[in-house]
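*Asks:* Fold the following and give me the result.
(chains A and B)
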There are 2 protein chains.
Amino acid sequence: MRSKISNTIKFLSADMIQKANSGHPGTPMGLSDVMSVLMEKLVHNPKNPSWLNRDRLVFSGGHASALVYSYLYLSGYDIALEDLKNFRQLHSKTPGHPEITTPGVEIATGPLGQGVANAVGFAMAAKYAANLLNDENNEIINHKVYCLCGDGDLQEGISYEACALAGCHSLDNLVIIYDSNKITIDGSTSIAWDEDIKVRFEAQGFEVARIDGHNFDQIEFALDEAKNKTKPYLIIANTAIGKGALELEGSHKTHGAPLGEDLIKRAKEALGFDPDESFSVSEDVLFATRAAVEKGDLAEKLWNEKIANLSAEKKNLLNSLQNPNFDAIEFPDFSGQKVATRDSNGKILNAIAAALPSFIGGSADLAASNKTELKGFGDFPYGKNFHFGIREHSMAAINNAIARYGLFIPFSATFFIFSDYLKNSARMAALMSLRHYFVFTHDSIGVGEDGPTHEPIEQLSTFRAMPNFYTFRPADGNENVECWRAALATNAPAAFVCSRQGLEALPKAVFGEAKNGAYLIKECENADITLVASGSEVGICLKAAALLQSENIRANVVSAPCFELLCEQNDEYKARIFKGKVLAVEAASALEWYKFADEILGMKSFGESAPAGELFKLFGFSDLNVANEAKKLLNR
Amino acid sequence: MRSKISNTIKFLSADMIQKANSGHPGTPMGLSDVMSVLMEKLVHNPKNPSWLNRDRLVFSGGHASALVYSYLYLSGYDIALEDLKNFRQLHSKTPGHPEITTPGVEIATGPLGQGVANAVGFAMAAKYAANLLNDENNEIINHKVYCLCGDGDLQEGISYEACALAGCHSLDNLVIIYDSNKITIDGSTSIAWDEDIKVRFEAQGFEVARIDGHNFDQIEFALDEAKNKTKPYLIIANTAIGKGALELEGSHKTHGAPLGEDLIKRAKEALGFDPDESFSVSEDVLFATRAAVEKGDLAEKLWNEKIANLSAEKKNLLNSLQNPNFDAIEFPDFSGQKVATRDSNGKILNAIAAALPSFIGGSADLAASNKTELKGFGDFPYGKNFHFGIREHSMAAINNAIARYGLFIPFSATFFIFSDYLKNSARMAALMSLRHYFVFTHDSIGVGEDGPTHEPIEQLSTFRAMPNFYTFRPADGNENVECWRAALATNAPAAFVCSRQGLEALPKAVFGEAKNGAYLIKECENADITLVASGSEVGICLKAAALLQSENIRANVVSAPCFELLCEQNDEYKARIFKGKVLAVEAASALEWYKFADEILGMKSFGESAPAGELFKLFGFSDLNVANEAKKLLNR
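*Replies:* The predicted structure is shown next:
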């Protein structure tokens, strides 16, 4: 039966890809034997994909989406044969790479390596959740995290980073199955890779098994062994890419293109399937695989009994993890305080952590600089502080999974310049609308002496240009609070871009609020010009406006902590806050400000290494120069 | 004497940082013992920092810049004691992190892990150069590449990626010295790392030695052993961070802040230095270390004799490597051809490779999709095709070093979406004004079925916002050629953002040229509106203009392959090409186009998974919708 199930997966996948005339048959066919056994071992409930204690299964090689959908269909998730026929079509449940809109997809994958780090994240979330929720005799959280990955995933740096952390924390709930077919798009992996994978993972603290990925007994034995591990566990499954694809078996030609009608027919014939039938699933196969539904229902029922036996305290905790009460946060008040926004942000993080058991996070080895320590809350796996090491990329991918786990709201912290390293994971957070917050301190040339390698220029533009992501750059402590309120009110990831240096407290809003993205903090009658800025440049604009006033030029000042929220305001609001000519002032590329501004005073080059005060002057961010630029604009 | 030299480095570094009141003393002090021995072993010529066969020394932990400048000063590079006193001051030769404007700095470092990959790049460049230039009895290239790195570098994914490739190619000219002090900013490395580094590197094909990094004999023995290796070589030097800093020795507090006047005085006293003298270098120390000048001069002279003995053929080759003749390139002609720009770009790459021995490169395992194979040129280490594996980040950092080596002009290729993974290395290329070209294919929702994880949206904005970088998105084959001409005429990195799908040939320019960044391809008298677009959207705008014409609306069309070059044009040029209202059309965020446009038709969300044609329609990139948006803008 395993063989028949496996072959059913092979041909469902091949048929999907052939019908779409697009997709990747090699991996689904190479992994179908492993998958057919793994399906027996998984503890999950296809009728409730969000059951908390389900095993998590991550397909890191998201291009093997035909395998994912075949598995989901056969297991009884809410996905029909018709959906498989709509593979890769607009608004189908079966897009080219797995997305979380499809029931049963734990996390979106595609960019290689992300899924491995996601799996580590799920395993960390489960460890922490177990430590929070389990009673001695009542294990609420005891599931496994499985990850299927390939050569590409393990070549990417992010996979090494994440696995180093998994090994360091002895995540014994993590099982990575490595589909070792020795083929990548350009041919044999040997042209660029001859690492000893077993030794590599042992160096990182894994236990490693090596099996024939087409031998059901070996697959079963290896999977059963996972129970007894005290470390994370890597199963190296030697496979042939495109297994069953006759003359193309083992060839990189099966990776990224349909196999062709003729070959598929011959392959079906060779394995005893009707060559003239497509999308064919025999009743006995479906009967066997859909057993997952009953099994899953029973497993969840048993688990619900455990929940019923939970202490009141733990029940409350579970409830508050699942339903974070943002209203309970007691935000600090920074009125009148000159404060670096990294400091105010640190206090806000602590206030949120105090109110929300869900709120956890950490830094890529910059906790002291990012001001992200959650004081008194202890360290992972028993506390809220996660130390990610100097691994920005995997930090963000790990936190994507922690955000998807169902109990936690994580944050990731580093210097803003190193957002470069984690960019793709931030994008994945946006694509999935995850509540995952980014703390990016050292926001501009204000970094000073560390110089141009450490001074962000284009990063604000990058994040603002990304869909479904909010980039906040607060100008003082209280605005920082309002930014957090706005972020928590949206259902999307957000970044807090904070200053290293102290910023004077702003005057109160004259019109509008931070949650509108931008608001007036200084208003004249019949203003000639509006100065709009974010972060440290807002204070400079206020001084410039005073200078202009002394020359009888009426300048309004707009503080704009969130460009994206400003874009969402109606025309009336925008017209109300932008009067006369508009000059945008930002120590960054700032090109997007042309949407609202007639002229930009921004950075046109990289920064320099010198004390921050000198750099602000050098690059024109002084009250005098802003006033001059304003006059130039008015005289243009 | 070694001890005295080492202590001189310690206190020069401590004094620099104290005077600047900013910097990182821990690593310079921890590594000064290693450095004092390494200085004896280095083959270089301080009076000619660009001597081709010098050993390359990369300081991956760029924050240890005080160590770099102490070393350069002591060795006799063009850097004075006065420069050390100007550490981290504006426009000094001694910025916060090493930059290539300082004589003797091989490559700019700072973002962790980059330097390790750079070192692998130098070693690859040297291997390839040796294979090109060495005669059997006449080794023109036989130098070593040394890299000093720390815990942070080795936690970053990029370091694993690069070392996997180094091991795969048995780069026996590479010596990595790992400063293992077990301290990072947040404290002990053990909070996030317990990898067995020796085993890790052995798994990647390195030989590994472990030494006491404060024992001169062990350091010397390990460095001398480097001669006899057939593999890349890792020396794990166990050190104490802040060695010599008394009660702070071994503490993370020495990492990123000055030690304080008092402690420095006491430390000097303890090691027999005058506590009241700063920036003190005794004559015997300088005499010993400046021996490098004479030694280097002699080494280069002997090498020049080898060059004199080189065959005429090799001499010519060397000359053409050092002086690439761009005029010799015979660019293909794509007139009248419908072609995917990834295909035209592939042909252009081959034309450049045929003309320029310098021109080499490769893809992160997407050569067949990126169309980057240089046909008939063989593979590294004997040919021009470099297979980087699925390692975008290290590919780009490796190519940064290859571009800095002195002989080569490299390109890096991947899907545009995966530019996310290599972003920081592209930034470093821009910061150093390197001739390093990026081939980014699959440029938009034109990717189609692979869906949103593979469809770039914000990436054009990212690269356009980055200083000193040119982003070309050609609209047809011939424009692709003109983009390459423009890129080769600048002294900066550039990206070619190419389509997967075929694009119709454009009409000839009416006014301006691609090298101006944007130019008119359709002009009416008294135009009401200008449609400006890049890449695949230019053809759509041409059709929209025809539709508008049928309704008696006069629309000009501007093809804009390079936003950055357009920004560099004078007002007259811009006024000439933008007439009437301006509508920018681009299947990307496109926010920066507000600089020139009244309205943008761009992407406001992530893409979808469906055939490309459907997606272009869905998101409004059809002639009909462009015409409608144009009319809306005119009626506004």
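*Asks:* hey, let's count contacts and neighbours off CA atoms from now on
*Replies:* Fine.
*Asks:* Give me the number of neighbouring residues for whatever residue of chain A ends up closest to chain B.
*Replies:* With Cα to the nearest Cα as the measure, residue A:157 is the residue of chain A nearest to chain B, at 3.7 Å. Residues lying near residue A:157 (other Cα atoms under 10 Å in any protein chain shown) number 29.
*Asks:* got the contact list for it?
*Replies:* A:113, B:156-161, B:391 (Cα atoms under 8 Å, 6 or more residues apart in numbering or on different chains).
*Asks:* can you check residue A:486 too?
*Replies:* A:514-515.
*Asks:* Off-centre distance for the helix or strand hosting it?
*Replies:* Using DSSP states H and E, residue A:486 sits in helix A:477-488. Its chain's C-alpha centre and that of helix A:477-488 lie 22 Å apart, by Cα atoms, centre = their mean, to the nearest Å.
*Asks:* Between helix A:477-488 and the next helix or strand after it, find me the angle.
*Replies:* Following helix A:477-488 in sequence order, the next helix or strand is strand A:494-498 (DSSP H and E). Counting by axes from the mean of the first three to the mean of the last three Cα atoms, to 10 degrees, strand A:494-498 lies at 170 degrees to helix A:477-488.
*Asks:* Neighbouring strands of strand A:494-498 in the sheet, and parallel or not?
*Replies:* strand A:437-441 (parallel), strand A:470-472 (parallel) (DSSP bridges).
*Asks:* quick one: strands adjacent to the very next helix or strand once past that strand?
*Replies:* Where DSSP H and E defines the elements, the next helix or strand beyond strand A:494-498 is strand A:502-503. Strand pairing for strand A:502-503, using DSSP bridges, gives strand A:339-340 (antiparallel).
*Asks:* Let me know the average pLDDT across the strand it pairs with.
*Replies:* Across strand A:339-340, the average pLDDT comes to 98.
*Asks:* what's in contact with it?
*Replies:* Contacts for strand A:339-340 (Cα under 8 Å, 6+ apart): A:476-477, A:498-505.
*Asks:* Considering those residues, which is situated nearest to residue A:278?
*Replies:* Taking Cα to Cα as the measure, residue A:278 lies nearest residue A:498 of the contacts of strand A:339-340, at 56.4 Å.
*Asks:* The helix or strand hosting residue A:126: how far from the chain's middle?
*Replies:* Assigned by DSSP H and E, residue A:126 belongs to helix A:114-133. The chain centroid and the centroid of helix A:114-133 are separated by 14 Å, computed with Cα atoms, centre = their mean.
*Asks:* and it, does that touch chain B?
*Replies:* No: Helix A:114-133 lies out of reach of chain B by Cα under 8 Å from any Cα of the partner chain, never closer than 10.9 Å.
*Asks:* just checking, what packs against that helix?
*Replies:* Counting contacts by 3 or more Cα pairs under 8 Å, 6 or more residues apart in numbering or on different chains; DSSP states H and E, helix A:114-133 packs against strand A:56-59, strand A:145-150, helix A:151-155, helix A:157-168, strand A:174-180, helix A:312-322, helix A:392-404.
*Asks:* ranking those by burial, who's on top?
*Replies:* With neighbours taken as mean count of other Cα atoms under 10 Å in any protein chain shown, those reach their highest mean count in helix A:392-404, at a mean of 31.
*Asks:* can you give me how far that one is from the chain middle?
*Replies:* Distance of helix A:392-404 from its chain centroid, counting by Cα atoms, centre = their mean, is 5 Å.
*Asks:* What strands flank the next helix or strand after that helix, and is each parallel or antiparallel?
*Replies:* Counting by DSSP H and E, the next helix or strand C-terminal to helix A:392-404 is strand A:409-415. Strand pairing for strand A:409-415, using DSSP bridges, gives strand A:359-363 (parallel), strand A:437-441 (parallel).
*Asks:* For residue A:86, which of those strands is the nearest?
*Replies:* strand A:437-441 (34.9 Å).
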